[in-house]
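S.K.: Test case, fold it:
(one chain, ligands or ions: 2)
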Amino acid sequence: MAACTVYSTQSLNTSCFISTPSHTHYGFHQKQVVFYTTSKRISNKRGINTISTSPYVIKCAGGDSQTVVIGLAADSGCGKSTFMRRLTSVFGGTAEPPKGGNPDSNTLISDTTTVICLDDYHSLDRTGRKEKGVTALDPKANDFDLMYEQVKAIKDGIAVQKPIYNHVTGLLDPPELIKPPKILVIEGLHPMYDARVRDLLDFSIYLDISNEVKFAWKIQRDMAERGHSLESIKASIEARKPDFDAYIDPQKQYADAVIEVLPTQLIPDDNEGKILRVRLIQKEGIKKFSPVYLFDDGSTISWIPCGRKLTCSYPGIKFAYGPETYFGNEVSVVEMDGQFDRLDELIYVESHLSNLSSKFYGEVTQQLLKHTDFPGSNNGTGLFQTIVGLKIRDLYEQIVAARAETPVRSAKV
Ligand SMILES: Nc1ncnc2c1ncn2[C@@H]1O[C@H](COP(=O)(O)OP(=O)(O)OP(=O)(O)O)[C@@H](O)[C@H]1O
Ligand SMILES: O=C(CO)[C@H](O)[C@H](O)COP(=O)(O)O
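M.R.: Ligands and ions are numbered 1, 2, ... in the order given. Okay, here's the model as predicted:
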């Protein structure tokens, strides 16, 4: 049986948020129990109940109970869903919408992860935004207080009733229950915009897609799959740009890892946007995260792997690695320009990368081979998304291991 520690409320901030109607006893996860014997419930207009008194909080040793929170920021259509599918696959599962819930829910749940889309915190629906003349990227169209309260509650192991923004109707639908998972990913336009939400993140990622590439991807998806015209795609990108520059793009300075996607430099003046130069920018000095490197940690390296061990057709493949400064922070950057002809040969490149946090030799290659149908599997976007997925798994395992030790120690003291 797990050893438990009982804390008196005098030393705790006892205010918390819950979503269930019962008010005497809440059990979250297997190894943490929060036990309220006296409670005062105040319903507020967001359907959240505030408990203002809680005499005992019991936490048990060996608990992996607190949710690890990951932030993933990017503009719409920049590969968040693809990245999430790769991340879920690293944990060995597939993500699905909540069973029996709203068919237009934006949430995806797997055994380990719950991914919530921050569009659900739009405070203005489509009509409301039109009337007020604001875009969904404008902070005025989003409820950051609620976002903070709910992400904090989930992180503390407490279920919430999260609103749903319905992309089909453009309306705010009735809320859905989100239980605390092992890993909560908050993805969308603003995971690092509000300092309170940012501080809750255990790791943060920004997908930085250059305008040229964003345009090429949008055309491919919105013209081919959604029947939009070229003119309307151009107009929509232009209309979003000022708010994107003001509110979304600046978040990259806070990210622990940035995946930057640029046009290739291997073809002069390329404007097709098919061959990509992708940079994995990794912040130095982040707890439980040690950046991936090529050949030699801290050196500056340029490497063309094409030859006997790696088949390359025009324009080839070029890797680079080295230390840089990014928004005043020391970072390590691994870069890949070009694309693989034969994905199985990626193993050759993988064997020259270190600190991958893989569980066995060839895991990165195996992951990419598993999902050759995902966009970007043959270039740096797929490679670096997979690597970041392994890093998140490693971070999660380190956090769980550290937590398993802490209460035992404090109980002994
Ligand atoms: N690495 C990639 N290489 C090429 N195309 C890509 C890549 N990632 C995404 N795309 C293109 O962009 C489209 C959007 O990708 P995805 O659905 O993953 O983005 P998203 O950020 O989740 O979009 P949204 O927020 O609009 O739902 C894909 O359908 C595909 O056409
Ligand atoms: O930037 C977006 C994030 O995905 C969407 O444009 C925003 O959520 C508004 O959605 P819709 O266009 O469906 O009203």
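S.K.: Which residue does the chain have closest to ligand 1?
M.R.: Gly376 (2.3 Å; CB to the nearest ligand atom). Quick note: C-beta positions are derived from backbone N, CA and C, even for glycine.
S.K.: Quickly find the element holding that residue.
M.R.: Element membership of Gly376 [criterion: DSSP states H and E] is none; it lies in no helix or strand.
S.K.: these two touch, right, it and Phe384?
M.R.: No. Using CB atoms under 8 Å, Gly376 makes no contact with Phe384, being 9.2 Å away.
S.K.: Out of those two, name the residue with the larger neighbour count.
M.R.: Phe384 (28 against 24; other CB atoms under 10 Å).
S.K.: Once you drop chain neighbours, what's closest to the more buried one?
M.R.: Leu280 (4.2 Å; CB to CB, 6 or more residues apart in numbering).
S.K.: Glu363 too?
M.R.: Leu390 is the one closest to Glu363 (CB to CB, 6+ apart), at 7.0 Å.
S.K.: Would you agree the one you found is in contact with Phe360?
M.R.: No. With contact defined as CB under 8 Å, Leu390 does not reach Phe360; the gap is 11.1 Å.
S.K.: Between those two, which is the more surrounded one?
M.R.: Leu390 (21 against 6).
S.K.: one step back: ok, the residue nearest to Phe384 - contacts?
M.R.: By CB atoms under 8 Å, 6 or more residues apart in numbering, the contact set of Leu280 is Ala257, Val258, Ile259, Val292, Val333, Val334, Glu335, Gly380, Phe384, Ile387, Val388.
S.K.: Would you map the helices across the stretch 201-350 of the chain?
M.R.: Here the stretch 201-350 of the chain has its helices, by DSSP state H, counting those that start in this stretch, at 211-218, 224, 230-243, 346-350.
S.K.: Throw these into a markdown table and include mean neighbour count and distance to Phe319, thanks.
M.R.: Formatted as a markdown table, these follow (neighbours: other CB atoms under 10 Å; distance: least, CB to CB, whole Å):
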| stretch | mean neighbour count | distance to Phe319 |
| --- | --- | --- |
| helix 211-218 | 18 | 19 |
| helix 224 | 9 | 31 |
| helix 230-243 | 13 | 31 |
| helix 346-350 | 19 | 7 |
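S.K.: Flag every residue of the protein that's near ligand 2.
M.R.: Ser76, Asp119, Arg126, Ala136, His167, Gly170, Leu189 (CB under 6 Å from any ligand atom).
S.K.: just to revisit the earlier point, is it fair to say the residue nearest to Glu363 lies in a helix?
M.R.: Yes. Checked against DSSP: H, G, I helix; E, B strand; the rest coil, Leu390 lies within a helix.
S.K.: give me every residue that touches it.
M.R.: Val90, Leu356, Ser357, Ser358, Glu363, Val364.
S.K.: Give me the subset of the residues you listed lying in strands.
M.R.: The members of those all map outside strands under DSSP state E.
S.K.: Among the residues you listed, which ones are in helices?
M.R.: Val90, Glu363, Val364 (DSSP state H).
S.K.: Now do the contacts for Gly92.
M.R.: Gly92 sits next to Asp111 when contact means CB under 8 Å, 6+ apart.
S.K.: could we number from 36 for the rest of this?
M.R.: All set: I'll call the first residue 36, so the last point we hit is now Gly127.
S.K.: What does it show for phi and psi?
M.R.: Main-chain dihedrals, Gly127, degrees, to the nearest 10: phi 80, psi 20.
S.K.: can I get the helices of the stretch 236-385 of the chain in a markdown table with mean pLDDT?
M.R.: Output for those, formatted as a markdown table (pLDDT from 0 to 100):
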| stretch | mean pLDDT |
| --- | --- |
| helix 246-253 | 88 |
| helix 259 | 76 |
| helix 265-278 | 90 |
| helix 381-385 | 96 |
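S.K.: could you dump those to JSON lines with distance to Gln196?
M.R.: JSON lines is the format used below for those (distance: least, CB to CB, whole Å):
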{"stretch": "helix 246-253", "distance to Gln196": "34"}
{"stretch": "helix 259", "distance to Gln196": "37"}
{"stretch": "helix 265-278", "distance to Gln196": "29"}
{"stretch": "helix 381-385", "distance to Gln196": "44"}
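S.K.: Columns distance to ligand 1 on top of the ones you listed, output as JSON lines?
M.R.: Conversion of those to JSON lines gives the following (distance: least, CB to the nearest ligand atom, whole Å):
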{"stretch": "helix 246-253", "distance to ligand 1": "4"}
{"stretch": "helix 259", "distance to ligand 1": "8"}
{"stretch": "helix 265-278", "distance to ligand 1": "11"}
{"stretch": "helix 381-385", "distance to ligand 1": "15"}
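S.K.: where are the low-confidence patches of the stretch 136-285 of the chain?
M.R.: Within the stretch 136-285 of the chain, not a single segment meets pLDDT under 70.
S.K.: can you give me the strands for it?
M.R.: Residue ranges of the strands in the stretch 136-285 of the chain, as given by DSSP state E, counting those that start in this stretch, are 143-144, 148-152, 195-200, 207-213, 218-223, 238-244.
S.K.: Helix, strand, or coil at the closest residue to Pro410 other than its chain neighbours?
M.R.: Excluding the flanking residues, the one nearest Pro410 by CB to CB, 6+ apart is Thr117, at 5.6 Å. Secondary structure state of Thr117, per three-state DSSP, is helix.
S.K.: Hmm, Gly411 and Thr117 touching each other?
M.R.: Yes. With contact defined as CB under 8 Å, Thr117 counts as touching Gly411 (6.8 Å).
S.K.: Between these two, which contacts overlap?
M.R.: In contact with both Thr117 and Gly411: Gln420, using CB under 8 Å, 6+ apart.
S.K.: Show me the beta-bridge partners of the residue most central in space within the chain.
M.R.: Against the mean C-alpha coordinate of the chain, by CA atoms, centre = their mean, the closest residue is Leu107 at 3.0 Å. Taking DSSP bridges as the rule, Leu107 bridges to Glu222, Ile240.
S.K.: Tell me the pLDDT of it.
M.R.: Model confidence at Leu107, expressed as pLDDT, equals 98.
S.K.: what's the answer for Ile83, then?
M.R.: Confidence score, pLDDT, at Ile83: 35.
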